[in-house]
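Asker: let me see the structure of the following:
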Amino acid sequence: MASGILVGDECFTEFQEFKIRNKYKWVMYRISDDVKEIIIDNHEPETLTVDEKKSMSEETARARFKEFVDRVLETDTPKYCIVDVNCWKDEPNGGKRAVTKIALLNWCSDALSIKKKMIFASSKDALKKKLTEGYKELQINDQSELDYDEIASKLLKI
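Answerer: Numbering: from 1, shown residues only. Below is the predicted model:
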């Protein structure tokens, strides 16, 4: 079901800056106040190089994810969020290997009105078509689901 809400060209541009140029830690999108288009809500400049991100500690990855979650929860506005999540995959030899996953986290609180939730859900496909590929998608409806371990576990299964 399509909502008829458009996706601004800057949404794709910022996604490319995130994905290809490593310019941001995350990019958050939202539906505009006039409910006509998906726009950029905010983004956080990346301070690490690609190599530094690949070699970051789990403690640093958790801190970065907490910073992201805090930003998501600043308002109750539903958001489509693109974020790098560093996960650690168990290896057959008993060790762990760092894996970075690009996630599209669709945050829409269960506390919102049914109308807002329906508009958010029906607009998601338009954004996904604009962003093309290269991410794993998860729907998040409760603050408890914005847990680093839960997100990392789900991303490693996809």
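Asker: what comes into contact with the helix or strand bottoming out on mean pLDDT in the chain?
Answerer: One helix or strand of the chain scores below all others by mean pLDDT, DSSP states H and E: helix 50-54, with a mean of 87. Here helix 50-54 makes contact (C-beta atoms under 8 Å, 6 or more residues apart in numbering) with 22, 84, 86, 98, 100. No exception for glycine: its C-beta is placed from N, CA and C like everyone else's.
Asker: show me the shaky parts of the chain.
Answerer: Low-confidence segments of the chain, defined by pLDDT under 70: 1-2.
Asker: what about 50?
Answerer: Counting by pLDDT under 50, the chain contains low-confidence residues at 1.
Asker: what residue in the chain is the furthest from its centre?
Answerer: No residue in the chain has its C-alpha farther from the mean C-alpha position than Asn93, which lies at 31.4 Å (C-alpha atoms, centre = their mean).
Asker: tell me what the helix or strand just after the least confident helix or strand of the chain is packed against?
Answerer: Going down the chain from helix 50-54, the next helix or strand is helix 58-72, by DSSP states H and E. Packing partners of helix 58-72 (3 or more C-beta pairs under 8 Å, 6 or more residues apart in numbering; DSSP states H and E): strand 24-31, strand 37-45, strand 79-90, helix 148-157.
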